[in-house]
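> what would the 3D arrangement of this be:
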Amino acid sequence: MSTVINFVALVIGTATVGCTGWVVADIVLSKRWSRTWVHTRLAPTSPLVTTHNADQDSTIADFLDAIARDVHSGFSLTLAFVNTADRFPNLVWWTEPIAVQCMRGHSLARAIADTTPTNWTPDVLLATRTLAVASNGGFGIATALEKSASILRERDHIARERIAQTAQIRISTSVLSWIPVVICAWVLTNQPISRQFMFASPFGAMCLVFGVVFNVGGRVWISRIARGNT
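Numbering: from 1, shown residues only. Predicted coordinates for the structure are as follows:
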């Protein structure tokens with residue numbers, strides 16, 4: 001009878017300490033995350049820093065917009081691609097093989113067809129398909145490039161929103177999954193009766209196994225939800 005009472009008290013005490021730790025950590029981390037979020041978006045930056053970041057973080061959407069501007073200026077699509085590729089060194093891993101083919105006299109469509117897609121992301125694939133279709137000529141080449149750039153920016157915006165909205169979920173999951181482990185380790189270290197129950201009895205071993213399975217399974221499940229099953 002005393003063993004059952006001790007076990008019930010242990011469960012209640014562990015749950016109480018765990019809930020208290022989660023509430024405190026949730027409040028502290030939420031405030032810290034909010035301060036970081038506001039500071040990142042409202043902190044003043046110098047024009048020099050902004051220009052440097054813009055050069056380093058040029059996206060594929062910016063690349064397509066630059067090509068569209070050159071096409072509006074009267075350049076052919078192939079020449080616009082080659083000229084723009086020189087201004088985006090961060091995309092050279094994608095644009096250089098195609099630009100080399102174009103400088104050898106091939107059309108943009110032929111150069112894209114002869115280029116092996118190596119480590120191309122979905123955004124690069126979309127941009128490449130748009131360029132291949134636009135290279136066939138016709139009216140609205142620049143408009144097609146601008147539409148694809150708009151789609152890529154919308155994708156990036158959605159991805160960033162998903163990361164921001166799931167940040168609190170990931171923090172809470174980490175706290176909720178580690179607090180029981182720490183409390184269990186502390187209890188087993190300081191209470192011989194708990195060690196005897198957990199390792200010497202079938203019911204204790206079953207509780208330990210189920211606890212580990214639920215903890216790991218919960219972390220994996222929440223991680224998949226936060227990533228959007230990607």
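> does anything pack onto the longest helix along the chain? Which helices or strands?
In the chain, assigned by DSSP state H, the helix with the most residues is helix 141-190. Applying 3 or more C-beta pairs under 8 Å, 6 or more residues apart in numbering; DSSP states H and E, one finds that helix 141-190 contacts helix 2-42, helix 60-72, helix 122-134, helix 192-200, helix 202-227. Where you see a C-beta, it was placed from the backbone N, CA and C, and this is true even at glycine.
> just give me the lowest mean pLDDT stretch among those.
For these, mean pLDDT drops lowest on helix 2-42, to a mean of 53.
> ok, the residue nearest the centre of the chain to residue 170 distance?
The residue lying closest to the centre of the chain (C-alpha atoms, centre = their mean) is residue 163, at 6.0 Å. Noted for residue 163: a distance of 9 Å to residue 170, by C-beta to C-beta, to the nearest Å.
> how many residues are close by residue 148?
By the criterion of other C-beta atoms under 10 Å, residue 148 has 23 neighbours.
> scratch that, residue 220
Using other C-beta under 10 Å, the number of residues around residue 220 comes to 10.
> how far away is it from residue 196?
Taking C-beta to C-beta, one finds residue 220 at 31 Å from residue 196.
> now residue 143
According to C-beta to C-beta, residue 143 and residue 196 sit 75 Å apart.
> same check, this time on residue 172
Here residue 172 is placed at a distance of 33 Å from residue 196 (C-beta to C-beta).
> more neighbours: the two, which one.
With neighbours defined as other C-beta under 10 Å, residue 172 and residue 196 compare such that residue 172 has more, 16 against 12.
> what confidence value was assigned to that one?
77.
> how about residue 177?
The model's pLDDT for residue 177 equals 81.
> over to residue 115?
87.
> quick revisit: so the longest helix of the chain versus helix 202-227, what angle?
Angle of helix 141-190 versus helix 202-227, following axes from the mean of the first three to the mean of the last three C-alpha atoms, to 10 degrees, is 160 degrees.
> quick one: helix 141-190 to chain centroid distance?
6 Å (C-alpha atoms, centre = their mean, to the nearest Å).
> verify the stated contact: residue 77 with residue 141.
Yes: assessed by C-beta atoms under 8 Å, residue 77 is found in contact with residue 141 at 6.0 Å.
> give the residues shared as contacts by those two.
71, 134 (C-beta atoms under 8 Å, 6 or more residues apart in numbering).
> domain parsing for the protein?
With domains defined by automatic domain parsing, the chain comprises 2-42+161-227, 53-158.
> which of those domains sits most buried?
Per residue and on average, the most neighbours among those fall to domain 53-158, with a mean of 16 (mean count of other C-beta atoms under 10 Å).
> pull the distance from that domain to the chain's centre.
Per C-alpha atoms, centre = their mean, the centroid offset for domain 53-158 relative to its chain is 24 Å.
> swap in stretch 208-216?
Distance of stretch 208-216 from the chain centroid (C-alpha atoms, centre = their mean) equals 27 Å.
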